[in-house]
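> what's the 3D shape of this:
(3 chains)
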Amino acid sequence: MKEENTEESKQASQETESLVKRLAGPSTGKAGYDITFLTVLLVWCLVSDFPVPSLFPPTIRLQKDQTEINRIIADASKGSKFYENEKRKDKDLTERIRKILKQRDEAMKGADISRIEALVDNMLSELEAQRDLSQIIVHVDMDAFFANVELLYNPDLEGKPFGVGHGVLTTASYEARKYGVRSGMPTYIAKKLCPELILVSNHFQKYMDKSKQVMDVFRRYDPSIAIAGCDEGYLNITPYCEEHGLTPDECVQEMRSKVFEDTQLTASAGIAPNKVPSYSSWCYQMLTQKQMLAKICSDKNKPNGQFHLPFDAKAIVEFMRDLSIRKVPGVGRVNERLLESIGIKTCGDIYQYRATVYLMDKQFGLGFLLRTYLGIGSNVVQPYQREERKSIGAERTFSALGDKEKIFNKLEEIAQELEHDMETNGWTGRTVTLKYKLDTYQVFTRAKSMDKWITKKEDLFAIGKELLMPEFPLRLRLIGLRVTKLKDLRNQASSSAGIKRFFESVKHDSPRKKPRLNDPQTVQEGLNICDPEEGHGENDESMPGFHEDDERDLEPSQHEASDEDEYADGEDKDLEQSASTLSGKKTTIDSKQRPRPPVSAPAGITIHTRTFTEGNDASKNTKSSESDQEEKERQHQPRRVLKPASVAHTSTTGKTSSSIKPSSFKGGAKNTRERVASREEPLECPICGRTLMTDNQGLNAHVDFCLSRTAIREAQAESIISSISKKPMARTTKR
DNA sequence: ATACATACC
DNA sequence: CACTGGTATGTAT
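Residues are numbered from 1 along each chain as shown, chains lettered A, B, ... in the order given. Below is the predicted model of the structure:
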């Protein structure tokens, strides 16, 4: 018993601890807060041979200890519905971890650990052999972008702690970050952390204008830049450096200076080799991932600085060794906890637990973690292309509504907005997904696929209504609609069919992708991410809000006082595979009982809600035996045992898994168009007919240029581009 | 095909 | 006081 008690209390406290941490926000740890930040800086110094500043130990400038900050945040949210929901999620996660550990123990029991380790070591060798250090990849991002733009227009804010945003902060000034104030944080909590905090409204148009200027500069260094948000991008500066006889550092220094000249805003950059032949599978969204290393590096020097990771395998692995796993793109709060549960806190820890990861590939993503350990990421950089878009949607949060009429009114508004966005951007789609969030913060989605193409508000509204109707009674705080299975209307219709036809023939294109505006210019420079909208002027900008940087708070400050940093990084995404591991789901209801789920948690009635939860919990047992499935099923439902993600299957002990084949990773196929290797060869531009000595990437950039020049619509361009990238590539290979 | 969770900006 | 909005992906059924 005693033992039990102990364990129990331990667990309870742990839960509390994780909950408190979770409440601190999703970006905590990502970039640099406390310990993490110090660690990174230290690693940086070690790796770069930079003298360890004395300030190190101390001073990070958080006015308060991160622990205290977390406590203040937790206290401020305590009792709220949001808090209760987080608590529920935290509990579910804890339960999930418990199951995973149990599974791990069973798997390890009869396993020949030594043999597995040897196997994994082989995989590592193969991955290492694929490392490509030939490309110079840079990740640049603006320091506290929104906040610094505001400073330009309101110098009085200089040196003061201020936050940008209304209900939720889109960003916080450097000074404010010292108090633990971060983007994505509700203003009332930010005020508790920093009573003197000044609040400033968002001025998206200004940010966009600046964004465009910034991107214009970046583009000069790599026409194929992959823009990742309105304030950051990935560039392959290999060609530029070569042509201008610059070292990577000189090039980046120059670029940052130019950005400053044009915008008076500072930027930070990370320079790394990257590479990766095949695996570039990831790519979260459009952007990214490219240089996981470059991105992580930009975090290091954050404020107005740049960090150059040595282009040497050994140095890279060392660099990764003490890097918090949380900094890796794709590792969020959940995966961080999952990994931590098996002992992995830093990238270097991955090696020690490689056998565990091997056995639990499904949950942790062996391939992903091995690449992370080695510091291998994709080094392919390319602009987002319209045809990559997979969904378009709109959603809105409002004060909780229980009235059907009012809810439908909101739905109609959303439908209207969505129709507008779709028409503005030339999209239509076949499946409509309704999303709603109860006042308890639980989120549900309901989807329906149609035989016809949907774009009109009437259709969107009707379908949304149909999906929502059976769910009542509900008390909602958010409602949204999203359309997937898209078709690009610009691709076909518009403009020059002739040209298009030409390209099509060239490429064989066909299937999926639909092009869109791609052209870089159009794309907007501005925010691509945001691009969808673009327009409607009606509501003024609502808040895009994203956390722009998340950041890190603090910074080293010392060093520079000047800038801020921000940042944090957001690292990218990539690694997706692994990341996804998670999955699990929860809640759900037994379908039998009520086909419809949710029932909101009506105000008072907790029962339902509770039911869900419990059900989930119940699921706990489970897992392995299949037999229980039935039971479970009838009880509640869901659960999914683990799943995660990813990747390489290789695992099972049985076969040697032949090692990770890069392509086998799920993602592999994804970037079909990626330019893979890229060797320079004479390639002919399908537009102007000139022969260029370049690689596919360079050719693409050139094509972009030609296209914009000829004023061909983006749509066409896209198809072209994609065609080119594919075909030529093959050609290239032949060489 | 649907539903859900996670991630990132 | 009260925790955004948009998109992508992976997994399970």
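> ok, the helix ranked longest in chain A near DNA strand B or not?
When chain A is parsed with DSSP state H, its longest helix is helix A:81-109. Yes. Helix A:81-109 comes into contact with DNA strand B (C-beta under 7 Å from any atom of the strand), by way of A:89, A:92, A:93. The C-beta positions use only the backbone N, C-alpha and C, and glycine is treated the same way.
> nearest residue to the first one other than its sequence neighbours?
Beyond its immediate neighbours in the sequence, the residue positioned closest to residue A:89 (C-beta to C-beta, 6 or more residues apart in numbering) is residue A:22, lying 7.6 Å away.
> What helix or strand is that neighbour located in?
Secondary-structure assignment from DSSP states H and E places residue A:22 in helix A:2-23.
> for that helix, what is the average pLDDT?
This predicted structure assigns helix A:2-23 an average pLDDT of 61.
> And stretch A:201-218, by the same measure?
93.
> Does DNA strand B have contacts with that stretch?
No. On the criterion C-beta under 7 Å from any atom of the strand, stretch A:201-218 is out of touch with DNA strand B, staying 10.5 Å away.
> got the buried residues for that stretch?
A:202-204, A:207-208, A:210-215, A:217-218 (16 or more other C-beta atoms under 10 Å).
> So which of those are in helices?
Going by DSSP H, the helices hold A:204, A:207, A:208, A:210, A:211, A:212, A:213, A:214, A:215, A:217, A:218 from the buried residues of stretch A:201-218.
> what's near enough to touch the fourth one?
Under the criterion of C-beta atoms under 8 Å, 6 or more residues apart in numbering, the contact partners of residue A:210 comprise A:145, A:149, A:263, A:265.
> can you rerun that using 6 Å?
By C-beta atoms under 6 Å, 6 or more residues apart in numbering, residue A:210 lies in contact with A:149, A:263.
> same question, the second one
Contacts of residue A:207 were listed using C-beta under 6 Å, 6+ apart, and they are A:146, A:149.
> Quick check: which ranges of the stretch 151-300 of chain A have low pLDDT?
A:274-291 (pLDDT under 70).
> In the stretch 51-200 of chain A, which residue sits nearest DNA strand C?
Residue of the stretch 51-200 of chain A nearest DNA strand C, by C-beta to the nearest atom of the strand: residue A:77 (2.7 Å).
> Apart from its chain neighbours, what residue comes closest to that residue?
residue A:83 (4.4 Å).
> Show me what counts as buried in the longest helix of chain A.
A:81, A:83-97, A:99-100, A:103-104.
> Stretch A:466-484 too?
A:467-468, A:471, A:474-484.
> does DNA strand C sit close to stretch A:182-194?
Yes. Using C-beta under 7 Å from any atom of the strand, stretch A:182-194 reaches DNA strand C at A:184, A:185, A:186, A:188, A:189, A:191.
> List phi and psi for the third one.
Right, residue A:186. phi -60, psi 140 (degrees, to the nearest 10).
> Show the contacting residues for it.
residue A:168.
> what are the bridge partners for it, then?
Listed beta-bridge partners, residue A:186: residue A:168 (assigned using DSSP bridges).
> Nearest residue to residue A:150 in space, please, no chain neighbours.
residue A:200 is the one closest to residue A:150 (C-beta to C-beta, 6+ apart), at 5.3 Å.
> measure residue A:165 to residue A:199 for me?
The spacing between residue A:165 and residue A:199, counted by C-beta to C-beta, to the nearest Å, is 7 Å.
> repeat for residue A:412
The spacing between residue A:412 and residue A:199, counted by C-beta to C-beta, is 32 Å.
> Tell me which of these two has more neighbours.
Taking other C-beta atoms under 10 Å, residue A:412 and residue A:199 do not tie; residue A:412 has more neighbours (16 against 13).
> and the nearest residue to the more buried one once chain neighbours are set aside, helix, strand or coil?
Leaving aside its chain neighbours, residue A:412 sits nearest to residue A:461 (5.2 Å; criterion: C-beta to C-beta, 6+ apart). Three-state assignment for residue A:461 (DSSP: H, G, I helix; E, B strand; the rest coil): helix.
> what about residue A:461, neighbour count?
With other C-beta under 10 Å as criterion, residue A:461 counts 20.
> I'd guessed it sits against residue A:414; true?
No. Applying C-beta atoms under 6 Å as the test, residue A:461 and residue A:414 come out as separate, 8.3 Å apart.
> Break chain A down into its structural domains.
The record's domain parsing of chain A by the TED database lists A:127-277+A:288-374, A:386-490.
> gap between the two ends of the last one?
Pointing back at domain A:386-490 there. End-to-end span of domain A:386-490 (C-alpha to C-alpha, to the nearest Å): 10 Å.
> how deep is the residue of the stretch 51-200 of chain A closest to DNA strand C tucked in, by neighbour count?
Number of residues near residue A:77 (other C-beta under 10 Å) recorded here: 19.
> Backbone dihedrals for it, both of them.
Dihedral angles (degrees, to the nearest 10) for residue A:77: phi -90, psi -10.
> Verify the contact between it and residue A:85 for me.
No. Taking contacts as C-beta under 6 Å, residue A:77 lies outside contact range of residue A:85: 10.3 Å.
> Contact partners for the residue nearest to residue A:85 when sequence neighbours are not counted?
Spatially, and ignoring its direct neighbours in sequence, residue A:85 is nearest to residue A:441 (3.7 Å; C-beta to C-beta, 6+ apart). By C-beta under 6 Å, 6+ apart, the residues touching residue A:441 are A:81, A:82, A:85.
> would you turn the residues you listed into JSON lines with pLDDT?
JSON lines is the format used below for the contacts of residue A:441 (pLDDT from 0 to 100):
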{"residue": "A:81", "pLDDT": "93"}
{"residue": "A:82", "pLDDT": "93"}
{"residue": "A:85", "pLDDT": "93"}
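> Check which residues of stretch A:384-394 are buried.
A:384, A:385, A:386, A:387, A:388, A:389, A:392, A:393, A:394.
> Need the distance between the two termini of it.
21 Å.
> sec struct for residue A:151, please.
helix.
> is it true that it touches residue A:159?
No. Counting by C-beta under 6 Å, residue A:159 is not a contact partner of residue A:151; they are 9.6 Å apart.
> Counting neighbours, go ahead and name the busier of the two.
Just comparing residue A:151 and residue A:159: by other C-beta under 10 Å the higher neighbour count belongs to residue A:151, 22 against 11.
> in the stretch 51-200 of chain A, which spans are helices?
Applying DSSP state H, counting those that start in this stretch to the stretch 51-200 of chain A gives helices spanning A:66-77, A:81-109, A:113-129, A:145-153, A:174-177, A:187-193.
> Report the residue spans of chain A with pLDDT below the cut-off.
Scanning chain A with the threshold set as pLDDT under 70 gives A:1-15, A:29-61, A:274-291, A:301-303, A:492-735.
> make it 80
Within chain A, the stretches with pLDDT under 80 are A:1-16, A:25-65, A:274-292, A:298-303, A:379, A:491-735.
> In it, mark out all the strands, start to finish.
Taking DSSP state E, the strands of chain A run over residues A:136-142, A:162-165, A:169-172, A:198-200, A:226-227, A:232-236, A:267-273, A:306-308, A:391-401, A:427-438, A:443-454, A:476-488, A:681-684, A:691-694.
> Check whether the longest one comes near DNA strand C.
Yes. With C-beta under 7 Å from any atom of the strand as the criterion, DNA strand C is reached by strand A:476-488 at A:477, A:478, A:480, A:482.
> same thing with stretch A:16-26?
Yes. Using C-beta under 7 Å from any atom of the strand, stretch A:16-26 reaches DNA strand C at A:23, A:25.
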